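S.K.: how does the following fold in three dimensions:
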Amino acid sequence: MKKHNKYPNLFEPIKIGQTILKNRFVHTATVTGYGADTSPTPKLINYHQTLASNEVAMIVTELMPVHSTSIANPFLVSAYDTKNSKLFSKWASAVSDEGSHLIGQIGHVGRQQLWNPLSTPLSASAEPDPLSWTVPRKMSLSDINDVINGFIGSAQILHEAGFSGIELHGAHGYLLTQFMSPFSNKRKDSYGGSLKKRLRIIYEISHKVRDLCGEKFIIGLKMPCDEGVEGGIDKEEAEEIGRIVNNSMPIDYLCFSQGNFSPSLEDHLPDMNFPNRPFQSIHADLKLALPSIPIITVGKIESAEAAENIIKENKADLVGFSRALISDPAFVAKVKQDNESSIRPCIYCNFCWGEIHAGRGMKCIHKADRLNISNTNMIKNKPKIKNRVLIVGGGIAGMESAAKASQYFSEVNLLSNSENLGGKLQWEALLPGRSIINDEISFQKNRIRELGVKVKHCKVTPEIIFNFDPTHVVLACGASFTWPTSLTKSKTIKNIVEATYPLLDKNAELKGTAVIYDQDHTAACYATAELLASRFSRVIILTSKPTIGSKINYISMIGVFRRLLNLNIEIIPFSIPTNYEGNILTIKNPINKNINQINNVTYFTFATPKKPNNELLEPVVNAGIECTLVGDCDSPRGLAGAISDGSKITA
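M.R.: Below is the predicted model of the structure:
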């Protein structure tokens, strides 16, 4: 087989157990929320088929419960239920027909029974779940035997349906972890105490599955490399677990992950504030210690180049991707075709995770977009409607609309008030921990250039618009912060964008206290607080709500609190500003009406609900021109809304 010119190691086949994988790309287990009534749906099957058709060698499903005591959420597919057998066969065939291998991740939530308050949670010991403080029932030997049989029966059902194998979910604090870890296993019998006894449940499951399903059936184990809690599994214990597993169990590969349902949960899904590959060094050390068993490494692996180096330097045998494939399911195919510039970048915002755990099903900020540069030539050569579309606004909504309009219309122009494209995301990308947002801006700019969109930077007026003689106008002019209703207007107080720009070029320490009034609750607001903490000795966030961050997913919010606490940034809930004069800020509690003051406030700014910048709508409509509002200019939302609105432009 001819080696790939740029990434010879990534596209080198590998043998896992008795199975040959065509390359080193793995779609790691990812909850999608696409199942329904504990069964797979066409949407779920199609998602994995799409990945398989785009060269992903092995696809691991999301957690599938093995027992009726583990129905965490009805969108999770029950592996133990024979009602799903025909759908399992369809699922496996959809993936295998594309030359990929489908691995069913099977497990039990144990004490992390967060979604079903009427179910009795079970665990190795009656230790509370660190996230919900749910106290489980300690499993009897009969309970353990029932669950083991659930694993075995589930594996058999998947094997008969044509799955290539299973992955035992022993990470993220679920039941197998609860047995493996001294943090959660306080038993004194044959399933607790020594490490070997804590691993007994995995030993019994893996051997019985091997006996039942044969040597060709892949059996993998996902396990912690570091739980991130005192008394839990750390790298040293993970290495010992790996040795025991490799020497005594029929396990074909190990996939390392980190964190459990404590505050270390953020390690499970490192967001844009983490460095790239934050846990890869731990995985590499474990690979060095466990050279004879294939290792899958995961966690914010930012590019094919980084993945190639991991394989080349023998730091892992396979590379797991999830969010990058959600952002662009054709990621691997584009890498193989030397078309990396067309890959829609993942910016690790964790929007996808937030949507899943809100029960809305997996969505990406890029969900609405399936246009990419790989089909630019097809778009250019496709017959176009002879309309003149004018996009007003150079932010993400404007560029997204311009790219979409290029599919259908013969002439697309974009006007931008700013000298640079990107809108207010340019500001956000300058804040601490947010620079990866530039990847999205660059992708958008490169794409509209490839598609032949003409861009003009000028002060946009109705006359400028009319001079283009457009048949259709798209207004993507964004939105602006409104003045806080509790304060008298003042020219000395600026909104958070206007107020922070001057600080971005200054490193000097400033005197006094900085205060942000937060009615925004987005990550940009708290990144601004981090910036202020590097300039002022005291920083305070005021919010009228009981807490902050209502628009941020739980995992990323752990990191927000961690950074704010480390910087000693104060948070004052139930507070609204009523007066700012002479460096004294007066605040009022909207619940009990108490009045307080903050002294020596030398810097005060606000992030409030926004008002659409739609002033151009009336003159355009009055001129008889068809007009569409998109993004914040239609209704202030966020990046996902801006990108989604690009789909409004159709023939």
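S.K.: every contact and neighbour count from this point should use C-alpha atoms.
M.R.: Fine.
S.K.: C-terminal to the helix or strand bottoming out on mean pLDDT in the chain, what's the next element?
M.R.: For the chain, scoring each helix and strand by mean pLDDT, DSSP states H and E identifies helix 376-381 as the least confident one, at a mean of 46. Heading C-terminal from helix 376-381, the first helix or strand you meet, by DSSP states H and E, is strand 385-392.
S.K.: after that following strand comes which helix or strand?
M.R.: Proceeding C-terminally, strand 385-392 gives way to helix 396-405 as the next helix or strand, assigned by DSSP H and E.
S.K.: which helix or strand lies directly C-terminal to that next one?
M.R.: Downstream of helix 396-405, the next assigned helix or strand under DSSP H and E is strand 409-416.
S.K.: what lies in contact with that next one?
M.R.: Surrounding strand 409-416, the residues in contact under the criterion CA atoms under 8 Å, 6 or more residues apart in numbering are 384-394, 398-399, 402, 405-406, 453-460, 651.
S.K.: okay, the angle between it and helix 396-405?
M.R.: Angle of strand 409-416 versus helix 396-405, following axes from the mean of the first three to the mean of the last three CA atoms, to 10 degrees, is 170 degrees.
S.K.: keeping just the C-alphas, turn strand 409-416 into CSV.
M.R.: Listed next in CSV are the C-alpha coordinates belonging to strand 409-416 (Å, rounded to 0.1, in the frame of the first residue of the first chain):
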residue,chain,number,x,y,z
PHE,A,409,-26.6,33.5,-7.0
SER,A,410,-24.4,34.9,-9.7
GLU,A,411,-23.2,38.0,-7.9
VAL,A,412,-22.5,38.3,-4.2
ASN,A,413,-21.0,41.4,-2.6
LEU,A,414,-20.2,42.1,1.1
LEU,A,415,-20.0,45.5,2.7
SER,A,416,-18.2,46.0,6.0
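S.K.: spit out the contact partners of residue 32.
M.R.: By CA under 8 Å, 6+ apart, the contact list for residue 32 reads 44, 62, 356, 361, 362.
S.K.: 7 Å instead?
M.R.: Listed by CA atoms under 7 Å, 6 or more residues apart in numbering, the contact partners of residue 32 are 356, 361, 362.
S.K.: confirm the first one sits in a helix?
M.R.: So that's residue 356. Yes: Residue 356: assigned to a helix according to DSSP: H, G, I helix; E, B strand; the rest coil.
S.K.: and it, how close does it get to residue 344?
M.R.: When CA to CA, to the nearest Å is applied, the distance between residue 356 and residue 344 equals 21 Å.
S.K.: neighbour-wise, which of the two wins?
M.R.: residue 344 (25 against 18; other CA atoms under 10 Å).
S.K.: my guess is that one meets residue 330, correct?
M.R.: No: the pair residue 344 and residue 330 does not pass the contact test of CA atoms under 7 Å, sitting 9.1 Å apart.
S.K.: is residue 83 in a helix, a strand, or coil?
M.R.: Here residue 83 is helix, with the state taken from three-state DSSP.
S.K.: count of neighbours near the nearest residue in space to residue 205 that is not next to it in sequence?
M.R.: With sequence-adjacent residues excluded and distances taken as CA to CA, 6 or more residues apart in numbering, residue 205 is closest to residue 148, at 6.0 Å. In terms of burial, residue 148 registers 21 neighbours under the definition other CA under 10 Å.
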